[in-house]
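Undergrad: I'll drop the sequence and a predicted model, then ask my questions.
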Amino acid sequence: MKTIYNHILQATSKGEKLLAVLIDPDKMDLKTVAKFIEKVNASRATHIFVGGSVVAAQLTEALVIEIKKHTQLPLLLFPGDVGQITNQADALLFLSLISGRNPDYLIGKHVQAISKLKNSNLEIISTGYILIENGKQTAVQRVTNTAPLQNNNIQLIADTATAGELLGMKLIYLEAGSGALQPVSKKIIEKVKTNISIPLIVGGGIRNLKQLKQAYQAGADLVVIGTAFEDDESFFEELQDC
């Protein structure tokens, strides 16, 4: 059976670079989904992520159902809370915020989610989620009440990623945060990539083609872009050259 995770592994082993478009249910009007997804389909995007730090009840499922009408791209939940889980998606990034020390986001929320997941058809992918300082407070910090890892403490970031892999995580996700002032640095990506053997996701603060290429060149296997598309959909056209 060809799973989404196996596809990511295969792409990584071949050196293929993946791109996910992150859609926040709180920021996407259902009436505009068809037009937006048309641009996603025409771009080099390989995945769609859906989620946000704070999302009103039922919005996620309604958005997922609408998106699925217009694309064949795999759709993964990137949930900020248990209420964002819906069986209508293809997979779930089962995020553990390993950069923080709030037990709710290390294991507590996961336990709460089991009643929804045990009879679900979702492919569940355990993901070590590492929040990196980007120059301003992010929604993730406010919601989880955790501090990001300092971007100058590269060894600690790499050790945290390695610990996540040794705990059995299938993916490591370096996150600068939505609307970050600066993306995760090349040095951080390079260091983490050389310390882990599982696929590396990088997101937050990437707003142009140069930053996207830098993330790939540094070792990111999958890059996530959200705010840049929300602010300027013409960015889709730029990606044709990447």
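TA: Happy to help now that I have it. Bear in mind that the values here come from a model prediction, so they are computed numbers and not experimental data.
Undergrad: What are the boundaries of the strands in this structure?
TA: Counting by DSSP state E, one finds strands in the chain at the ranges 18-23, 47-50, 75-77, 91-97, 123-131, 171-175, 200-203, 222-225.
Undergrad: Can you pull out the residues in contact with the third one?
TA: The set of residues external to strand 75-77 that reach it, using C-beta atoms under 8 Å, 6 or more residues apart in numbering, is 4, 20, 47-51, 60, 64, 67-68, 84-86, 89-93, 122, 125. In short, each C-beta sits where N, CA and C put it, glycine included.
Undergrad: Please list only the buried members of these.
TA: A residue is treated as buried here by neighbour count (16 or more other C-beta atoms under 10 Å); on that basis the buried members of the contacts of strand 75-77 are 20, 47-51, 60, 64, 67-68, 84-86, 89-93, 122, 125.
Undergrad: Quick check: the gap between the residue nearest to Ala91 when sequence neighbours are not counted and Lys68.
TA: Leaving aside its chain neighbours, Ala91 sits nearest to Glu123 (4.0 Å; criterion: C-beta to C-beta, 6 or more residues apart in numbering). The gap separating Glu123 from Lys68 is 15 Å, by C-beta to C-beta, to the nearest Å.
Undergrad: just Ser197 next, same as before
TA: Relative to Lys68, Ser197 is positioned 33 Å away (C-beta to C-beta).
Undergrad: remind me which residues of this structure are low pLDDT?
TA: Within the chain, the stretches with pLDDT under 70 are 1-2, 240-242.
Undergrad: Tell me where the longest helix sits in it.
TA: As assigned by DSSP state H, the longest helix anywhere in the chain is helix 154-166.
Undergrad: mind listing what's buried in that one?
TA: Within helix 154-166, the residues that qualify as buried by neighbour count (16+ other C-beta under 10 Å) are Ile154, Ile157, Ala158, Thr160, Ala161, Thr162, Gly164, Glu165.
Undergrad: isn't Lys170 right up against Ser96?
TA: No - with contacts defined as C-beta atoms under 8 Å, Lys170 does not count as touching Ser96, sitting 11.2 Å away.
Undergrad: got any residues that touch both of those two?
TA: Shared contacts of Lys170 and Ser96, defined by C-beta under 8 Å, 6+ apart, comprise Ser126, Thr127.
Undergrad: Pull out the buried residues from stretch 94-108.
TA: The neighbour-count check on stretch 94-108 (16+ other C-beta under 10 Å) flags Phe94, Leu95, Ser96, Leu97, Ile98, Ser99, Gly100, Tyr105, Leu106 as buried.
Undergrad: Please read the previous query as pertaining to stretch 128-141.
TA: Judged by neighbour count using 16+ other C-beta under 10 Å, the buried positions of stretch 128-141 are Gly128, Tyr129, Ile130, Leu131, Ile132, Glu133, Asn134, Thr138, Val140, Gln141.
Undergrad: Serialize those to JSON lines and add fields for distance to Lys186.
TA: Supplementary listing: the buried residues of stretch 128-141 in JSON lines, determined by distance: C-beta to C-beta, whole Å:
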{"residue": "Gly128", "distance to Lys186": "20"}
{"residue": "Tyr129", "distance to Lys186": "20"}
{"residue": "Ile130", "distance to Lys186": "16"}
{"residue": "Leu131", "distance to Lys186": "18"}
{"residue": "Ile132", "distance to Lys186": "13"}
{"residue": "Glu133", "distance to Lys186": "16"}
{"residue": "Asn134", "distance to Lys186": "14"}
{"residue": "Thr138", "distance to Lys186": "20"}
{"residue": "Val140", "distance to Lys186": "22"}
{"residue": "Gln141", "distance to Lys186": "23"}
